[in-house]
Each structure stands twice: as C-alpha cells, then as structure tokens.
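Engineer: Structural data only, the sequence is not supplied:
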C-alpha cells in the first residue's frame, strides 16, 4: 500500500465509490475554508499533488480540471475509517448564494489512520493508505479468474435484462388493451421507472457497457495483459455498477468498506441479486392485487381506490407546497412536510375537518366542506352559508350513489361554486406608478386621451388610498378607503381602439382580463344563468368570467353593448327575459354588491369588478342603462392621426407578423405623399382597420417580390429588396387603383349648371365617419292655381317644394321650417334691396330639392341651416361659395341650434376639400375639444384670467371666441371657422354685402311695457 501524509479529509453524507464523477454540496463557509487550505503550503503539501498526479494522471476528459492539483479524501458520515480519494474538478457557487457545489473525480479507496468521529463537514488532515485489492487477490490460476469474470459478466447482463423487461412492462401498462394497469398503482414501480430512466443513469450505464466490453477483451487477451491490470478493470466495473443502480446508501457503504478481493465479489453479488429480487417481489405483489381486484365487490373496489386517492393527496399537497396534518391524539396538531416535522400555530394551514373526516368518503366531499368553512372568513352572504350547508348534507347522504341524476346535478353545482374565487383579489400589493402607467397606455394606443385621463384619475385615487394607509397605518379594515372602479362606456365608430384598449388597461391595473361579447345575446339567462331546475343549467357569463379569471376584481369587457338592446331591429318584449334588465343590476354600484345569479342561487359581490363597455351607437341603448354608465365618446381619427398610427404601430406590426423584418432591407417606410394617398385614396373610415388591411396587402406584395427574386434563374441567394422608402407611385403596383372619389365627383362643376340653390351641408354617417351632404334646389316652373278667370289669386300660398334623395321625416320637417322661416323674413321685409318681382318669382315657383346618392337613407335635424340658405340663394338669386360647408339645426325664429358629431363632420369636410365651415355658436366647446384632442388643460390655463374677468367663457362675444377658436381649428384641420348664432349670421357669412332692416318694437311689446310699469306703480 502507498501511504500519503497529511491529506485533507472531509466527511459527507454521500457514499462515493471509485471511478465516478460526482457533485456534492457544502456551505459557502466550508468551501472557503477548503479552498484556503489548498492554497496554504503549510497545511497542504505540494508533494501530495505531485505524488498523486504521477499515480493517477489526468485523462483526456479531465484535462479541463481547475485546479488540477487539489486532492482530498471524502469520508462517509458514520465514523468509518474507509473513504475515497478524489480530485477536485471545480468549485461552483449555487444560485441561492449560500451553498457551493464541489465537482469531484473519485480515484481509489483509502484507509485513514486518524478518523474523526461526528465530523459533520469539519475539515481535518490525516495520514492515509491507498487500498489496492489487486495486490493480494488470492487467485490460484488464470482459469479461476476467468470463471470469476464470466460470473460477473453474466450477472450484469441479467441485471440489464431485468431492467429492460421492467421498462417494457411499465410502458405497456399505459395501453388500454392490457391487464397490467395495476403496476402503475405501486409507488415502488413508479419510483423505479423514473430512476432507471433518468438521463444521468442512462449516461452512466453506457459507461458500464464500455467497461464490460473492456473486461471481456482483457479476458480474451489474458496472456498479453498482466493479472493486476485485469483485476483493476474488473473492480472498476463493479464500482460503476454499484454506483449506477439505485440501492440504499448503507449497502453502498458496506461495498466501499469491502477491501479484500473475495469479500468485494461477494458483496457485489449480494447487492445485484438483491436489486433483481425487488422486481420479482414487485411482480408477485402486482399479481396478488390483480387477483383480489378481479374477485372484489363494487364497494371493496371503491374503498380500495378511495384509499389510494387519499394517500396520493399527501404527495400532491407536498408538490404544491402545502403541509400535511399529522393527527396524534396525545399531542397538538403538527404541520408535516415531506421529511420535515414542525409545530405551528398558524391557522391558515391547520386542517378544518372535524372528527368525522375518515367517515366522509372521498376527498371531494372533504374539499367541499373545507370550502364552506373557508368562505365564512371572506364575508359571504349568510344565505349562501345556509344554502350551501343544506346542499352539502344532501350530497353527503347520496354519497355512494354516484349514478343518481340528482347527485350529478349537486356535484356539478358544487364544481361551479367552489370555482368562484371568493376573497381573492389581484393587484392588491402592486405599487401604483402613475407615470409608468401613462407610458404603457401611450405606447399601446395613440390618442384616446379622454379614456386615458379617466383611467389615470382612477389610478390616482388608488394611489392616494395606498399613501394614506401607509401614512396612518390603519389597522381597522373598516376605515380603509376602497376605490370604486369606474363603469365606462366607450362610444365610437368601429376600428378606433375601443376593445383593444381594455387589454392595456388590465395590464396597467395588474388585473385579469375577461371579454364578454354581447352581440346576439337575447336571453337574460346568458348573463344571470339558468335556474337549476332546468336540464343542462349553467351559470351566467358574469360568474363564468370570475371563475376563469380566478379573482373577484378582474377587468370585464362587455363588448358591443348596443347590439343587445334590439331584436330584429325593433325593441320588443321578450318571453325569455330582457338582457338589458340584467345589465341594470350588473352595472349599478348600488346593486351589484349583491348580484344574484340564478344558477348560483345566492348573492355574489361583484362591486370590485372593473366593467368596460363598448358601443358604436349609444342611441339604441335604453336611458336607464345609459344613466348608470360614464360615457366617453371616441371620435374618428384625422388623416394626420391615421398616418401616425400607421407609421408607428400598424406597419411595424404587419412587417413583424409576416416575417419581413428578418430579410435584408425588409423594414421599410412610406414617403409622406404615399401615406397621404394611402389614407385618403384607399381607406374611408373613422378607424384604422381598413388601413391595417391595406398595409398588410402592401407587406405581402413586398414578400412576393423577395420570393420571386430568390427563385430567379441566376440563383442568387443574397437577393435584397431595393427600396426601403416606397413612393406614392409604387402604391398602384401593390394596391391597385384607389377608391372612387364620390365627394369630389359630386362637388365637380357641371356644364351649363346653375350654382344658385346649391349648398354643402355635413352629415354623420352610420359607420361613424362624416362627409359633405350636398343639397340641390332648382326652379321647375310656376304654380298652377286653376283660376277660371285666368287671374292670380290675391293670396299666394307658395312656394311648392318637391323632395327626392331618400330623405327622412326630420329632413322633410327641416324643409318645411326653412320655407316658413323664409316667408316670415319676406313678410317682415328684413332683407334690404329685395324687390317685389323677386318675392313673387319665389313664392309662385315650383321647386325641386334633391340630395344626391338616393340609395343612402338620410335623416337628422342638422341640415336645417343648409336647406334654409339654399332657399335664400334661390330667393336672392345669389350663389353660395362652393368651398363653404355648414351644419346646424334651424328653428322658426331663425335660431341655429347646436348639433352632434361635430368632429366627424369637420373631418369629412377636410377630406372633401372644404376651406370654410359654419358652426353653431352652441358647439364652440366641441370645436375646442376637437382641436385639442380632448387635452384642454393648456387652453383653459391660457384663457382662465379672461374668463374670470368676463364672468365666464359664455359672456365673451361671439367674435372674440371665434377669433381664438379659429386659430386652433386651422392648425388642426386647416379649416376656417365661423360661428353663427342665427340664420342672419349665416347669411352675412355667405353674402357679406347683404344688409338687414332694423325692426322697432311692435305695438304689442309697447303695450306690455306700459302694463308692467302700471303694475309696478300699483
């Protein structure tokens, strides 16, 4: 034996056998002490490394060992004097920053002269001897050694065959047409399968095969190889096999301590044969269970399976990190983890089952009972506890009769109820960052400033609540302020981002997101659920959204709210309930804290749910429902906004989605003129959906060019797209011809046309966009009075106006109002310079009013001013400037009333090339809002002092308001603005040369003044 003095030794719980590479773990302090010892020449003699490197040189796979001169002895933690000499491959710090992994290459058995009892990771130095069993093998001749080798090889082959057969049987157990399923019920078989099929074991077994092949070759060429070398190879094979197979540490320790040749062979045979006998006993046990199960009754089979499931629950809880309860009558309840027993008074982990746990049947009943007891702590309604307890008792009595229909109904009911996440809220511990939240909203969506402003207000309220709670450290939960989530209704045309912004809001608030589409919902039960008396009853979509989200405060998007209020285009009473009636409770803070789902059967608090609703047209939603919602109107995008959205969001999205960014010059942009042409010529919508489709077509066209280039005859694989900025002319190649410009065609001049009676109104279209609505009036002849004497009557009742163009009732009334107003102006002689001939010519005329594009229905009150001006144009025989457009409702007194949809109408005017717009003075706030995109803070701050001086904005004259607002609108849309208060302001704006007669107070008014003076004196 070779002796080594003062070799560093350390004890560890792992039993290491020679010939293997292992990884053991120490605390950082132990590893640091060990590394310090290696670097200290007084504690670690360099001659040790020199001696052992000569005896055990580095192999090819060990050449990367760092450091290569570190050797130590690893001794098992049982006070043994036998260990293993190891070379240190590397030190590796673990992620927990507390422990260090030590990678070792084991070399040979060693015997210590001074073992240290109860060392427990203590490092010490000891004189050792290298144990070589090949020195005294006690073998008489080579034939005896060959016999030993053949026995060892045969035993290892039997071991491998046994393992392969077990793996095959275990795999067959998963098939349907087999009777070996009982093998899967055994924890031993499952453990063996996972151990024997681990990647590490397969890798090490390949090494065993190679070693067995070397031993076989040495036996064949035994005459050429010395006996000690053959014995060393054989012992390496034995060590590898024992290291690989999953055997207890005690058996490996006994095998490590076997120093003599015969003793080691005998111990190896015992370990391998004992491992093979495990499989024999496993098959025998499985056959016994198979025979028992075949002859067992239904109740015996049920009890067997229930016991298996109950035992598996402990291991499932361990995987989930939940403790198991160790019930000991003589002691308190203990929390038991796998391999760790600790006493705890934490009620959160103590099992709430009472003394009849074992009498309750399955774990499902125990789970339901535990759920009922848990929900008491979250303040659930008292009716819920009473009803659930009664239903649970019914279910418990029917246990064992699972085929009963009522049992299945109750079981399904409890599956739904136990999925409701009572007491669970998301985002409670999240620290709210207002600036970060605003950045997320701005990065995800362009514009929508009013929506973002309202959400930031809600976040600020939550932030204030957090600040106050942290400042005062309120312990009483009743004193804590609870932020009431807003219920928002986003109204706007399709494609402006109403639905998509809900996901961004959920991300900002750190809440779960659920979407409920209300389009086509005609049954109240879709929202409230069906009563349990019906076959196939289920909970409503609101409760189902809570179950899917797993929290009681998700963000629920009620999409297309306006589509639920009508059926077949008409509001009708429904025999199966009105969904709007259910929404009245869902969307009301004063009611939804006790929302009643018909299937659940007890009140559920949904007051912390953040509801976001979307609609295209709020006019179809009932007034009681609108009263519960906070309405935010989202208008369509301007051309500049669409270009910004397309260049920053949509085009990069389509390039990435189609993979164009992964090829050379794949990322491209459109030139400014190309963007303008794309938005104006190829899309006509308020949103950006068609714009995204056009961009997708353009991207696909670029991909086709690239693919055709790669498949060209020259075979050049480095084909690149040439243009990275596409000009306007290239759009025709990808997108074809633009859409026909209908508005431009209508506004174009016509040969021999009379421009008198032609006016440009504005309309709000059904798709949420605005456009120019042209009214044409021509005189077709005189009125035929059928007077017998051929003389005209003394009283003229004209003019007569015939209308075409698919006009609605409201527009017909506007025409009548315009005619009556104009006759009143004529009667009062308000227009200076109007001759009798002009009046008679107008009043005796027969006129035809037409609105082009008769296939499109037209209605609404906002065309009254335009129609009246068209009639005045006929009366005065003066044309109206073709670049002027107008909108406003007219009254019989000539007052111009405000209208809706102003921003969309102004966008339509801009798209049609209008230069000037007449707007009712009542819409001045809408003009400012549209010109500033809803961000009116700077506008208010700049004009606040002037408003305070004049006692409010409305006290400022129309001319001053117009001058300031016109600057904003021209910068935004390039339109010149004129505010009108009445029809006379409109006439002055269209014909500045007109003048009007000043009317004195009439006699009736004078008499009224005298009467008031007399009353005051009395």
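Structural biologist: The structure has been received and is ready for your questions. No experiment lies behind these values; they were computed from the predicted model shown.
Engineer: Let me know the helix or strand that the residue lying closest to residue 510 once chain neighbours are set aside is in.
Structural biologist: Excluding the flanking residues, the one nearest residue 510 by CB to CB, 6 or more residues apart in numbering is residue 427, at 3.7 Å. C-betas here are computed from N, CA, C, even on glycine. Per DSSP states H and E, residue 427 falls between elements, in no helix or strand.
Engineer: residue contacts, residue 427?
Structural biologist: Shown in contact with residue 427 (CB atoms under 8 Å, 6 or more residues apart in numbering): 509-511, 553.
Engineer: got these as CSV, with secondary structure and pLDDT columns?
Structural biologist: Formatted as CSV, these follow (DSSP: H, G, I helix; E, B strand; the rest coil; pLDDT from 0 to 100):
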residue, secondary structure, pLDDT
509, helix, 82
510, coil, 84
511, coil, 86
553, coil, 87
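Engineer: If burial is judged by neighbour count, which of those residues pass?
Structural biologist: Burial by neighbour count, judged by 16 or more other CB atoms under 10 Å, picks out 509, 511, 553 from the contacts of residue 427.
Engineer: OK, contacts around the last one?
Structural biologist: By CB under 8 Å, 6+ apart, the contact set of residue 553 is 425-427, 485, 511, 608-610.
Engineer: Backbone torsions only: list them for it.
Structural biologist: Backbone torsions of residue 553, given as degrees, to the nearest 10, read phi -130, psi 50.
Engineer: got the phi/psi numbers for the closest residue to residue 208 other than its chain neighbours?
Structural biologist: Using CB to CB, 6+ apart and skipping the chain neighbours, the partner closest in space to residue 208 is residue 240 (5.0 Å). Main-chain torsions, residue 240, degrees, to the nearest 10: phi -70, psi -40.
Engineer: which ones are touching residue 240?
Structural biologist: Neighbouring residues of residue 240 by CB under 8 Å, 6+ apart: 19-20, 204, 207-208, 211.
Engineer: mind listing which of the residues you listed are in helices?
Structural biologist: 204, 207-208, 211 (DSSP state H).
Engineer: and which of these is nearest to residue 564?
Structural biologist: Nearest to residue 564, judged by CB to CB, of these is residue 204 at 66.0 Å.
Engineer: Please look at that closest one and residue 244 and confirm they touch.
Structural biologist: Yes. At 4.6 Å, residue 204 counts as touching residue 244 under the criterion of CB atoms under 8 Å.
Engineer: between these two, who's got more neighbours?
Structural biologist: A direct count of neighbours by other CB atoms under 10 Å for residue 204 and residue 244 places residue 244 higher, at 20 against 17.
Engineer: ok, the more buried one touching residue 200?
Structural biologist: No. Using CB under 8 Å, residue 244 makes no contact with residue 200, being 9.1 Å away.
Engineer: what do these two both touch?
Structural biologist: Between them, residue 244 and residue 200 share no contacting residue under CB under 8 Å, 6+ apart.
Engineer: Return the set of buried residues in the helix or strand harbouring residue 215.
Structural biologist: Element membership for residue 215 (DSSP H and E) is helix 199-220. For helix 199-220, a neighbour-count test (16+ other CB under 10 Å) marks 201, 204-205, 207-208, 211-212, 215, 218-219 as buried.
Engineer: average pLDDT across it?
Structural biologist: On average, the pLDDT along helix 199-220 is 86.
Engineer: moving C-terminal of the helix ranked longest in the chain, what's the next helix or strand?
Structural biologist: Ranked by number of residues, the top helix in the chain under DSSP H is helix 261-295. Downstream of helix 261-295, the first helix or strand assigned by DSSP H and E is helix 298-320.
Engineer: relative orientation of that following helix and helix 261-295 in degrees?
Structural biologist: On the basis of axes from the mean of the first three to the mean of the last three CA atoms, to 10 degrees, helix 298-320 is oriented at 130 degrees to helix 261-295.
Engineer: Okay, buried residues for helix 298-320 please.
Structural biologist: Here helix 298-320 shows residue 317 as buried, counting by 16+ other CB under 10 Å.
Engineer: model confidence over that helix, on average?
Structural biologist: Averaged across helix 298-320, pLDDT comes to 78.
Engineer: And for stretch 978-989?
Structural biologist: Here stretch 978-989 scores 92 as its mean pLDDT.
Engineer: And for stretch 177-190?
Structural biologist: Stretch 177-190 carries an average pLDDT of 81.
Engineer: quick check, distance from that stretch to the centre of its chain.
Structural biologist: Offset of stretch 177-190 from its chain centre (CA atoms, centre = their mean, to the nearest Å): 41 Å.
Engineer: next one: stretch 254-273
Structural biologist: 61 Å.
Engineer: Could you do stretch 6-21 as well?
Structural biologist: 52 Å.
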